[in-house]
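Novice: For reference, the sequence and a predicted model appear below.
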Amino acid sequence: MQRKRILVTGGAGFLGSHLCEKLLDQGNDVICVDNLFTGSKDNIRHLMDNNYFEFIRHDVTQPLYVEVDQIYNLACPASPIHYQHDPIATGKTSIMGALNTLGLAKRCNARILQASTSEVYGDPEVHPQPETYRGCVNPIGPRSCYDEGKRMAETLFFDYNRQHGVDIKVIRIFNTYGPRMSAHDGRVVSNFIVQALNNEDITIYGDGKQTRSFCYVDDLIDGMIKMMNSRDGFTGPVNIGNPGEFTMLELAELVIKLAGSDSKIVYKPLPQDDPLQRQPVIDLAKKELGWEPTISLEEGLARTIEYFRILLGIY
């Protein structure tokens, strides 16, 4: 495979760091861009000595001038705690980040992939969710900065494709978990694991019957790279996620079992606009990319729990 020069925005984040690592393993030059708002140098420290890896501390709301063949645009806080901390900055990151990376792709004649999200479906009235579903999103709620920011980014990607011929790829990422998740990002998998390892009460919001589909990070990165290198003219959007559907209660009970924890489950009110169901239809990914997840929830959770044991020093 010919060595490519690849830009990854948000490259010091959970997903971005795994993507940088895989792209380097495939023999590419990788430029990692991150403002470190939610990303961390700890996630990419093991890559710093690689001569084909470069880190630039930069905010994508400002233009960036580099020469690249491919761009993966992952920059944006992705957990509710982080993206609601400064909702205006979150919206700017999605929209201005899309504009700046698309402008760069246009100038460099580079292929560009947008890491969109299942949140574009909102609290879905269609279940499971195919790419043709247009969503049920509250445009003025506390989650809107992220949901609508990502929807607008998709709009800009397709407008740049139609108006300027920019070579775009769009994926919609469903819940993903694995090593390098932040211990305090408020996401359900990391929350449950940290609480279980500390033998604290596990907090479930709502009645625990709401569902999610959990994709292990290695599967997700594989799908993302397959989409970037998919056939010319295939833009997506494509759902990338694990279609296995689990309730929050099932997830909590499995984490307690795998962690060997004494935690008890407690219930709190459901946050506003929190989706009750989330499950991808991945027929398009199977057909166009030859992709489907291979790592079971139990196997992926076991790996993730081991990572958090080491991170937290709990044995």
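Specialist: Okay, I see it. Residues are numbered from 1 along each chain as shown.
Novice: what does the lowest-mean-pLDDT helix or strand in the chain rub up against?
Specialist: Lowest mean confidence among the helices and strands of the chain (mean pLDDT, DSSP states H and E): helix 80-83, at a mean of 76. Here helix 80-83 makes contact (CB atoms under 8 Å, 6 or more residues apart in numbering) with 37-38, 76-77, 90, 143, 145-146, 184-186, 271. (Each C-beta comes from the backbone N, C-alpha and C, glycine too.)
Novice: let's see it at 10 Å
Specialist: 37-38, 76-77, 89-91, 93-94, 119, 142-143, 145-147, 149, 182, 184-187, 191, 271, 273-274 (CB atoms under 10 Å, 6 or more residues apart in numbering).
Novice: And stretch 227-244, what's buried?
Specialist: Neighbour-count burial for stretch 227-244 flags 227-228, 230, 235-243 (criterion: 16 or more other CB atoms under 10 Å).
Novice: Make sure Ala259 is actually in contact with Tyr315.
Specialist: No - using CB atoms under 10 Å, Ala259 makes no contact with Tyr315, being 11.6 Å away.
Novice: Compare neighbour counts for these two and give me the winner.
Specialist: Ala259 (24 against 6; other CB atoms under 10 Å).
Novice: about what we covered before: tell me the helices and strands packed up against the helix or strand following the least confident helix or strand of the chain.
Specialist: Once the chain leaves helix 80-83, the next helix or strand it forms, by DSSP states H and E, is helix 87-108. Counting contacts by 3 or more CB pairs under 10 Å, 6 or more residues apart in numbering; DSSP states H and E, helix 87-108 is packed against strand 5-9, strand 70-73, helix 80-83, strand 111-117, helix 144-164.
Novice: could you give the angle of helix 87-108 to strand 5-9?
Specialist: Angle of helix 87-108 versus strand 5-9, following axes from the mean of the first three to the mean of the last three CA atoms, to 10 degrees, is 170 degrees.
Novice: angle of helix 87-108 against strand 111-117?
Specialist: Calculated by the same axes, to 10 degrees, helix 87-108 forms an angle of 160 degrees with strand 111-117.
Novice: what comes up buried for helix 87-108?
Specialist: 87, 89-102, 104-106, 108.
Novice: What of stretch 64-79?
Specialist: 64, 68-79.
Novice: before we move on, what about stretch 257-276?
Specialist: 258-259, 261, 263, 265, 273, 275.
Novice: for it, how far is the first residue from the last?
Specialist: 24 Å (CA to CA, to the nearest Å).
Novice: Please work out the average pLDDT along it.
Specialist: Here stretch 257-276 scores 88 as its mean pLDDT.
Novice: Distance to Glu292, pLDDT and secondary structure added to the buried residues of stretch 227-244, as JSON lines?
Specialist: JSON lines is the format used below for the buried residues of stretch 227-244 (distance: CB to CB, whole Å; pLDDT from 0 to 100; DSSP: H, G, I helix; E, B strand; the rest coil):
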{"residue": "Met227", "distance to Glu292": "13", "pLDDT": "98", "secondary structure": "helix"}
{"residue": "Met228", "distance to Glu292": "17", "pLDDT": "98", "secondary structure": "helix"}
{"residue": "Ser230", "distance to Glu292": "15", "pLDDT": "98", "secondary structure": "coil"}
{"residue": "Thr235", "distance to Glu292": "20", "pLDDT": "98", "secondary structure": "coil"}
{"residue": "Gly236", "distance to Glu292": "16", "pLDDT": "97", "secondary structure": "coil"}
{"residue": "Pro237", "distance to Glu292": "17", "pLDDT": "98", "secondary structure": "coil"}
{"residue": "Val238", "distance to Glu292": "12", "pLDDT": "98", "secondary structure": "strand"}
{"residue": "Asn239", "distance to Glu292": "11", "pLDDT": "98", "secondary structure": "strand"}
{"residue": "Ile240", "distance to Glu292": "10", "pLDDT": "98", "secondary structure": "strand"}
{"residue": "Gly241", "distance to Glu292": "10", "pLDDT": "97", "secondary structure": "coil"}
{"residue": "Asn242", "distance to Glu292": "9", "pLDDT": "97", "secondary structure": "coil"}
{"residue": "Pro243", "distance to Glu292": "8", "pLDDT": "96", "secondary structure": "coil"}
